[in-house]
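Trainee: structure for the following, please:
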Amino acid sequence: MNDTNIELLILDYAGVCTPSALHRLSNDADDQQLGGTSQQCAALVEEAQQAGIEVVILSNEVSTEWAKYVPLLEKVDHVVACSDNNIFKPDRRAFQRCLLLTGAEAERTLVVDDEVYNITVAASLGMQTVLFNEDDTRASWSEVAEKLS
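Mentor: Model (predicted):
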């Protein structure tokens, strides 16, 4: 999976790793859940890690205390809760925090987020990006997988 130069995958949590409320209500088959996390997300995280890509969840909503009870958040390499230091996305320092934590280079980082403002800031730092579309999760996860392979 990692023939590219990606060494770090940064995922937003709400809206990317978890189906939106609308999708939960629709019972979309693509959004079958595993501990609140979409199966597509969990599978991609596992594949990325097996390929040697470090995975970070960067979230404005998650707290480090709560993260202990979410199966996916126990499996990723790092959970960066913006509430820990009150530097929230789209502040560029939130993304830089992930780089400092992992030692990764911006150019070798892929950011997946469902908010255009966050994607814009990540791209301005030199990171590769995918704007996640909650209305077409299958296509979004395919785009992420393509960028990682």
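Trainee: quick check: residue 130 touching residue 109?
Mentor: No: in this structure, residue 130 is not within contact of residue 109 by Cβ atoms under 8 Å, at 11.7 Å. Where C-beta positions appear, they are placed from N, C-alpha and C, glycine not excepted.
Trainee: who has more neighbours, those two?
Mentor: When neighbours are counted by other Cβ atoms under 10 Å, residue 130 and residue 109 differ, and residue 109 comes out ahead with 26 against 23.
Trainee: need the pLDDT of the more buried one.
Mentor: In this model, residue 109 is scored at 98, pLDDT.
Trainee: what is it paired to in the beta sheet?
Mentor: With DSSP bridges applied, residue 109 shows beta-bridge pairing to residue 8.
Trainee: touching, it and residue 8? I think so.
Mentor: Yes: under the criterion of Cβ under 8 Å, residue 109 makes contact with residue 8 at 4.3 Å.
Trainee: so how far is the helix or strand where residue 66 lies from its chain's centroid?
Mentor: Taking DSSP states H and E as the criterion, the element that holds residue 66 is helix 64-67. Distance of helix 64-67 from the chain centroid (Cα atoms, centre = their mean, to the nearest Å) equals 16 Å.
Trainee: next secondary structure after it?
Mentor: For helix 64-67, the succeeding helix or strand toward the C-terminus, using DSSP H and E, is helix 71-75.
Trainee: contact partners of that following helix?
Mentor: By Cβ atoms under 8 Å, 6 or more residues apart in numbering, the surrounding residues in contact with helix 71-75 are 13, 17, 34-37, 41-42, 45-46, 49, 57, 62, 67-68, 79.
Trainee: which helix or strand in this protein has the lowest average pLDDT?
Mentor: Least confident helix or strand of the chain, by mean pLDDT, DSSP states H and E, is strand 33-34 with a mean of 46.
Trainee: could you pull up the mean pLDDT of the helix or strand that that strand is followed by?
Mentor: Sequence-wise, the next helix or strand downstream of strand 33-34 (DSSP H and E) is strand 37-38. Strand 37-38 carries an average pLDDT of 79.
Trainee: so which elements touch the first helix or strand past strand 37-38 going along the chain?
Mentor: Heading C-terminal from strand 37-38, the first helix or strand you meet, by DSSP H and E, is helix 39-50. Helix 39-50 sits against strand 8-11, strand 54-59, helix 71-75, helix 137-148, with contacts defined as 3 or more Cβ pairs under 8 Å, 6 or more residues apart in numbering; DSSP states H and E.
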